[in-house]
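Visitor: Show me how the following folds:
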Amino acid sequence: MKQNATRSQVRFLISFILLVIISLSSGSGFCQDNALKLNDKGYFTSPAFDVLVFENEYNGMFFDEKTSGILLIHHGVRIATGGALRLKPTPEQWDQIPTVIERKVNKETNSIDVLMRYKDLAFDSRLHVEPQGSNILISIILDQPLPQNLEGRAGLNIEFLPTEYWEKTYLMDGTSGVFPLYPSGPMEVKPAATQIQQFAGHFTYDDRGRGEYTEVKAIAAGKTLILAPEAPERRLQITSLDGELGLYDGRNVAQNGWYVVRQLIPAGKTGKVAEWLVTPNRVPNWVRTPNIGHSQLGYLPNQEKRAVIELDPNDKPLKEATLLKLNDKGEWVSAFQGAVKEWGKYLRYHYVTFDFTTVKEPGLYAIQYGAHKTEPFQIGAHIFDNAWQQTLDVWFPVQMDHMFVNEGYRVWHGAAHLDDARQAPLNHQHFDGFQMGESTETQYQPGEHVPGLNIGGWFDAGDYDIRTGSHCQAITALVNAWEQFKIDRDETLVDQKQRYVDIHHPDGAPDILQQIEHGILAQVAQHRAFGRAATTIVEAHLHQYHHLGDAVNITDNLVYNPNLKLYESDGFSSGTPDDRWVFTNKTPFNNYASIGALAASARALRGYNDALAEECLNFAKKAWQDEQAAPPQPTQTRFRFGGAMELEPALQLFIATKDQQYSDIFQEKLWPAMEKGSNFMIETAVSAVPYMDKSYRDKLAPYIKKYKAANDEIFKQNPYGVTIGTGGWAGNGGIVDWACTNYLLHKTFPEIISAEYTLRGISYILGCHPYSNVSFVSGVGTRSKKYAYGNNRADLSFIAGGVVPGVLVLKPDFPEHMEDWPFLWGENEYVIDICAQYVYLANAALELGKELK
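Guide: All right, here's what the predicted structure looks like:
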């Protein structure tokens with residue numbers, strides 16, 4: 001025992017000496033200038049290292065989004081998340097999360113205290129964080145000992161971003177190791193009865209009747225861990241002052257897991273039960289590399305051209321920047337030199353701008369700012385010619401549910417979910433936020449198979465459900481693109497009878513009409529079954545929902561038969577209840593959205609699929625009558641769900657039928673809604689102008705002027721001049737919608753709204769944004785998203801043409817977009833509605849290019 005203690009002391013001494021050597025060699029360590037201090041925003045800051053403590057809480061909707069707890073920002077990158085008392089070595093997304101009961105920022109003691117509670121377990125803990133000079137001390141405090149069921153389970157955890165430590169090493173008490181590039185154990189099997197309940201009693205694993213689950217074991221253990229000792233910008237030491245650290249690889253149980261450092265909480269103890277000293281390395285005089293925001297695709301000759309340069313607060317702005325042009329000898333030569341203009345502070349960074357609008361000559365260009373040069377981009381009238389095709393050619397076909405999708409030698413997925421769908425159960429809390437009430441509100445009993453739902457529709461996003469709201473938005477956006485731009489591109493074979501899709505295979509039909517047809521078939525199927533729209537069709541079990549791989553393997557594609565045993569099949573049906581559930585709640589919001597999509601599709605499909613077009617229109621009119629006859633909803637509810645919900649479907653029905661009753665209702669509802677919040681209604685309002693008389697346009701004009709004033713105010717809020725969201729989902733959807741709206745306004749009121757608002761919006765999406773300058777559209781622009789939250793994210797890959805949510809603002813002031821870690825859905829998840837709107841936006845930009853020649 002004495003000998004072991006001596007060895008432990010020696011290992012600790014070696015680690016301490018290593019840290020001193022590393023610190024002295026890099027100039028970090030104990031310099032007073034590096035002292036961590038609480039700033040006026042409530043987090044600890046110092047040169048090259050910031051510590052955020054529960055500014056961002058765990059989300060009860062999506063649970064562990066890897067954006068909560070203690071966040072460490074090291075040399076400009078968030079390397080760590082989730083610092084808190086947790087109940088598993090490597091918590092999964094739907095494992096129990098602590099709720100913040102109280103957060104106290106103690107300026108007088110330069111510390112932060114957080115009271116956390118596991119509500120389901122009636123268990124509290126306190127987190128205390130305070131600097132020790134340039135280091136940070138993290139403590140867990142218990143007022144009561146651990147409950148018996150949490151002994152050996154509860155621990156102080158913090159998680160580290162895998163991509164920042166791939167191909168790097170670690171030292172645990174002086175013993176070296178390499179961070180695993182791919183997860184490879186070690187694991188242990190435990191009885192299912194010992195598993196701490198996950199969200200609402202759901203399970204992320206399917207034990208196939210074995211009554212067990214697996215848990216990750218430590219790959220290293222000791223008192224002192226040094227991460228990436230060879231990499232100055234990632235070197236960080238954690239020392240346990242009262243226990244043993246373990247290093248775990250969370251990817252062994254979930255591909256979106258992180259590396260986890262953990263210390264078990266001792267049983268029977270109160271007060272300080274775990275205490276760590278975290279020592280970051282700091283590169284001397286480190287300054288974040290300037291981010292030169294520009295469109296990775298390029299610019300039209302006659303549009304505004306303005307780069308936004310994001311600077312570290314300690315960086316001194318240069319006075320000039322240079323626009324370089326590539327000549328025919330392959331040499332970069334100066335084409336323009338201009339002043340760098342001050343904009344000011346936004347969030348945590350400092351911003352300047354570089355305007356090169358006067359450069360109009362077509363060619364390849366790059367921006368040089370000091371020692372930093374951007375990727376090449378184009379100036380030319382042709383730049384939007386190929387900006388949208390991959391979204392229509394590749395992304396939408398890959399998302400097609402109930403179809404076998406082929407591309408050359410590759411099969412993206414088989415015909416999935418042919419066993420759709422079973423009526424969702426009553427009073428059941430679904431893990432994705434859905435819940436039936438006391439009734440199914442249909443003729444079907446809970447668990448009963450609803451025939452006919454296994455046609456059409458797209459996978460909603462990186463997951464595989466069919467959501468009515470986003471589906472209808474996508475369908476309407478595609479119809480708008482078809483009607484306004486007459487997109488007749490044909491590069492994809494779609495055979496509905498064979499359930500077969502072949503990418504890069506023309507079949508004589510416009511691809512956009514085939515996508516509208518496929519999308520609306522899912523809505524038509526719901527109206528055939530229920531006489532109205534459903535809410536969603538979604539995986540029944542959590543272990544199916546997080547499926548990564550070919551969608552055809554999520555279910556057995558056989559309709560559930562309760563007369564068969566579990567996992568038994570007669571070749572036509574199955575005893576495995578893996579069929580998706582259809583939630584059939586009656587909601588005016590979903591039904592009105594469906595009515596609008598049906599009416600719009602009826603117009604688009606005339607001459608292509610007349611029978612389906614007629615069915616769409618009949619269902620739209622019938623559902624409209626039913627909704628209008630239903631008891632009225634509270635005005636507040638109607639306005640909260642996108643304003644007056646009748647507006648869009650009434651307009652679509654009026655355009656499709658020319659029936660004056662729909663126009664009358666539209667105008668009756670429109671103007672009061674415009675008074676309450678015109679910016680929310682403006683796109684629908686301006687869409688009606690071609691179908692109304694001149695007095696309607698005149699009445700609308702004052703609202704357009706107000707909207708322009710609001711547009712111009714945006715430049716005072718941020719240097720990009722677009723509406724950057726600050727919610728839990730990044731804001732590209734709102735920016736694309738804003739840019740599309742401005743296009744409609746420009747075409748209708750060119751004397752008020754210029755083309756620049758739309759072009760500014762698409763430039764943001766294509767690279768002129770905070771944190772980095774990557775194009776948010778995979779495959780579009782010189783440098784674009786190569787790692788995204790699509791259904792192939794486990795392969796660290798992308799789907800061409802997909803559009804991601806973009807820059808997420810972590811409270812209070814950290815803009816982030818992880819380019820090399822796709823698993824953060826709030827930053828990286830493709831979604832059908834934004835992709836459909838992008839098809840419209842890119843074609844709008846293409847039209848503006850013709851106008852601005």
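Visitor: Now do the helices in the stretch 251-400 of the chain.
Guide: Here the stretch 251-400 of the chain has its helices, by DSSP state H, counting those that start in this stretch, at 389-390, 396-398.
Visitor: Ranking those helices by mean neighbour count, which comes first?
Guide: The highest mean neighbour count among the helices of the stretch 251-400 of the chain, using mean count of other CB atoms under 10 Å, belongs to helix 396-398: a mean of 27. Using the backbone N, CA and C atoms, a C-beta is placed for each residue, glycine as well.
Visitor: Any chance you could list what contacts that one?
Guide: Applying CB atoms under 8 Å, 6 or more residues apart in numbering, the external contacts of helix 396-398 come out as 405, 407, 412-413, 458, 492, 494, 501, 503, 515, 790-791, 799, 801, 832, 835-836.
Visitor: make it 10 Å
Guide: Helix 396-398 has contacts (CB atoms under 10 Å, 6 or more residues apart in numbering) with 390, 403, 405-407, 412-413, 458-459, 474, 478, 491-494, 501-504, 511-512, 514-515, 518-519, 551, 790-792, 799-802, 830, 832, 835-836, 839.
Visitor: quick one on the thing from earlier: export the helices of the stretch 251-400 of the chain as CSV, with columns for mean pLDDT and distance to residue 433.
Guide: Output for the helices of the stretch 251-400 of the chain, formatted as CSV (pLDDT from 0 to 100; distance: least, CB to CB, whole Å):
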stretch, mean pLDDT, distance to residue 433
helix 389-390, 98, 31
helix 396-398, 98, 25
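Visitor: who wins for proximity to residue 681 among the ones you listed?
Guide: Ranking these by proximity to residue 681 (CB to CB) places helix 396-398 first, at 28.3 Å.
Visitor: Just give me how far the closest one sits from the chain centre.
Guide: With CA atoms, centre = their mean, to the nearest Å as the basis, helix 396-398 stands 19 Å off its chain's centre.
Visitor: and the next helix or strand after it, average pLDDT?
Guide: Remark: after helix 396-398, the chain's next helix or strand is strand 404-407, criterion DSSP states H and E. For strand 404-407, mean pLDDT rounds to 98.
Visitor: Can you name the element that comes right after strand 404-407?
Guide: Heading C-terminal from strand 404-407, the first helix or strand you meet, by DSSP H and E, is strand 410-413.
Visitor: same for the helix or strand following that next one, what does it pack against?
Guide: Remark: after strand 410-413, the chain's next helix or strand is strand 422-423, criterion DSSP H and E. The helices and strands touching strand 422-423, judged by 3 or more CB pairs under 10 Å, 6 or more residues apart in numbering; DSSP states H and E, are strand 581-583.
Visitor: which strands and helices sit next to the strand it packs on?
Guide: Under the contact definition 3+ CB pairs under 10 Å, 6+ apart, strand 581-583 sits against strand 422-423, helix 511-530, strand 536-538.
Visitor: what's the closest of the ones you listed to residue 55?
Guide: In this view, these are compared for proximity to residue 55 by CB to CB, and strand 536-538 is the closest at 31.8 Å.
Visitor: rewinding a little: for the buried ones among the contacts of helix 396-398, write the corresponding PyMOL selection.
Guide: A single PyMOL command selects the buried members of these (16 or more other CB atoms under 10 Å):
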select buried, resi 390+403+405+406+407+412+413+458+459+474+478+491+492+493+494+501+502+503+511+512+514+515+518+519+551+790+791+792+799+800+801+802+830+832+835+836+839
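Visitor: The longest helix belonging to the chain: which residues count as buried?
Guide: Counting residues, the longest helix in the chain under DSSP state H turns out to be helix 660-687. For helix 660-687, a neighbour-count test (16+ other CB under 10 Å) marks 662-663, 665-667, 669-670, 673-674, 678, 681-687 as buried.
Visitor: can you give me the offset of it from its chain's centre?
Guide: Taking CA atoms, centre = their mean, the mean C-alpha location of helix 660-687 is offset from the chain mean by 31 Å.
Visitor: for it, packing partners?
Guide: In terms of contacts (3+ CB pairs under 10 Å, 6+ apart), helix 660-687 is packed against helix 468-485, helix 610-629, helix 635-640, helix 647-657, helix 694-717, helix 732-748.
Visitor: Swap in 8 Å and give it another go.
Guide: If you count contacts as 3 or more CB pairs under 8 Å, 6 or more residues apart in numbering; DSSP states H and E, helix 660-687 packs onto helix 635-640, helix 647-657, helix 694-717, helix 732-748.
Visitor: mind checking how far the nearest residue to residue 222 once chain neighbours are set aside is from residue 354?
Guide: Of all residues not flanking residue 222 in the chain, residue 173 sits nearest, at 3.5 Å (CB to CB, 6 or more residues apart in numbering). According to CB to CB, to the nearest Å, residue 173 and residue 354 sit 51 Å apart.
Visitor: Check residue 214 too.
Guide: Separation of residue 214 from residue 354 (CB to CB): 54 Å.
Visitor: Just want to know which of these two has more residues nearby.
Guide: Neighbours were counted for residue 214 and for residue 354 using other CB atoms under 10 Å; residue 354 has more, 25 against 14.
Visitor: Would you check that the more buried one makes contact with residue 336?
Guide: No. Counting by CB atoms under 8 Å, residue 354 sits too far from residue 336 to count as a contact (9.7 Å).
Visitor: Quick check: residue 215 is in a helix.
Guide: No. Counting by DSSP: H, G, I helix; E, B strand; the rest coil, residue 215 falls outside a helix, being strand.
Visitor: tally of neighbours for it?
Guide: Residues near residue 215, counting by other CB under 10 Å: 16.
Visitor: circling back to that earlier point, so which of the helices and strands packed on helix 660-687 is nearest residue 377?
Guide: Comparing these against residue 377 with CB to CB, the closest turns out to be helix 732-748 (18.7 Å).
Visitor: list the contacts for residue 496?
Guide: Residues in contact with residue 496 (CB under 8 Å, 6+ apart) are 455, 517-518, 521.
Visitor: Nearest to residue 278, out of the residues you listed: which one, please.
Guide: Scanning the contacts of residue 496 for proximity to residue 278, where the rule is CB to CB, the winner is residue 518, at 51.8 Å.
Visitor: Now for the closest one: which residues touch it?
Guide: Taking CB under 8 Å, 6+ apart as the contact definition, residue 518 lies against 400, 403, 456-458, 494, 496.
Visitor: Nearest to residue 52, out of these: which one, please.
Guide: Using CB to CB, the shortest approach to residue 52 within these belongs to residue 458, at 36.7 Å.
Visitor: what's that closest one in contact with, if anything?
Guide: Residue 458 is in contact with 396, 399-401, 466, 471, 474, 518-519, 522, 832, counting by CB under 8 Å, 6+ apart.
Visitor: make it 7 Å
Guide: The contact partners of residue 458, taken as CB atoms under 7 Å, 6 or more residues apart in numbering, are 396, 399-401, 471, 519, 832.
Visitor: Over to residue 527?
Guide: 619, 623.
Visitor: What's the per-residue pLDDT of it here?
Guide: Looking at residue 527, its pLDDT is 98.
Visitor: so where's the stretch 551-700 of the chain shaky on pLDDT?
Guide: 633-643 (pLDDT under 70).
Visitor: could you redo the last one with a cut-off of 80?
Guide: 632-644, 677-679 (pLDDT under 80).
Visitor: The stretch 1-150 of the chain too?
Guide: Within the stretch 1-150 of the chain, the ranges that satisfy pLDDT under 80 run 1-33, 59-63.
Visitor: Which residue ranges of it form helices?
Guide: Under DSSP H, counting those that start in this stretch, the stretch 1-150 of the chain gives helices at 2-26.
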